[in-house]
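Asks: Just the structure for this:
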Amino acid sequence: MYVLLGIFTIISIFPFYWMLVGATNHSSKMFTSPPTLIPGGEFMTNLTNLNDSIGIARVLFNSLVVSGLYVVAALAVCTTAAYALAKFEFKGRNAIFIVFLLSMMIPYQATIIPLFQLMSDLDLLNTYFALIAPQLCYPFAIFLMRQNFLAFPTELLESARLDGAGEFRIFFTIVLPSMKPAIAATSIFLFMTQWNNFMWPLVATTSSDMYTFPVALSSLMGLSMIDYGQVMTGVTLATIPIIIVFLALQKHFISGMLGSALK
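Replies: Numbering: from 1, shown residues only. The predicted structure is shown next:
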């Protein structure tokens, strides 16, 4: 079993190692035969060239601001919507949930033109609002959180209401603390979705000052010549925040789902 796990681990890690090798070598060594598998000493050169091409600080700032604000705002919208759909009885609740599920079947590309026209009419193109707002009500995040809220004991909510707790207090002090694993998983999913989003930022931004990492990296792919040293360095920098977010939230995956509330 350990041999198989070791093999699969090597297969999984190798693309990241190849990315680091490419970031530390000259572009010409990416296609040598046999391939270059040893890290080189060209990282600072590639980093300098990348900064001259896209402006790393500004691109990193844009990506962090857009992704960070998106995660916070989307969690606020999706958790409250999921909680209402899971624990409140009202007419049309199931119909609304079905509409959410059906919206997941609509190709994302089909919404680009209506969104672009809407943002253009509101004069919001090339703004952080235009990059963040369209996907705040994310159907999959609502679905994921709703399924976790359904597992929360309704008797605990009724007991809190009998003790005089209001709905907001119940939600923030009893329900949410016990949902840390689900919130952590949803946060990672939302962060990766927004961080790697390419199509909409490409359409919604009209100047390089508002580029996020995927859009900025795509500008490095020229028609005649591609500096793969720059590209691999950019991909390496773009991967680091995702790894940090995952490592920061992974501990919540193994915590008890109802431990804090019941305790």
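Asks: neighbours of Glu42, just the number please.
Replies: By other C-beta atoms under 10 Å, 18 other residues sit near Glu42. Every C-beta, even on glycine, is put in place using the N, C-alpha and C of the backbone.
Asks: Tell me which stretches of this structure form helices.
Replies: Using DSSP state H, the helices of the chain run over 2-23, 43-54, 56-87, 93-103, 112-121, 128-132, 139-150, 154-162, 167-169, 180-195, 199-204, 213-218, 228-249, 259-262.
Asks: Packing partners of the fifth one?
Replies: Applying 3 or more C-beta pairs under 8 Å, 6 or more residues apart in numbering; DSSP states H and E, we find helix 112-121 packed against helix 199-204.
Asks: Can you tell me which of the helices of the chain is nearest to Pro34?
Replies: For Pro34, the closest of the helices of the chain is helix 2-23, at 12.9 Å, according to C-beta to C-beta.
Asks: Which residues does that closest one contact?
Replies: 30, 36-40, 43, 46, 228-229, 231-233, 235-236, 239 (C-beta atoms under 8 Å, 6 or more residues apart in numbering).
Asks: So among these, where is pLDDT lowest?
Replies: Ranked by pLDDT, these bottom out at Met30 (80).
Asks: Make sure that residue is actually in contact with Ile226.
Replies: No - taking C-beta atoms under 8 Å as the definition, Met30 is not a contact partner of Ile226, at 9.6 Å.
Asks: more crowded one of those two?
Replies: Met30 (18 against 13).
Asks: Quick one: residues contacting the more buried one.
Replies: So Met30 contacts Gly22, Thr36, Tyr228, Gly229, Met232 (C-beta under 8 Å, 6+ apart).
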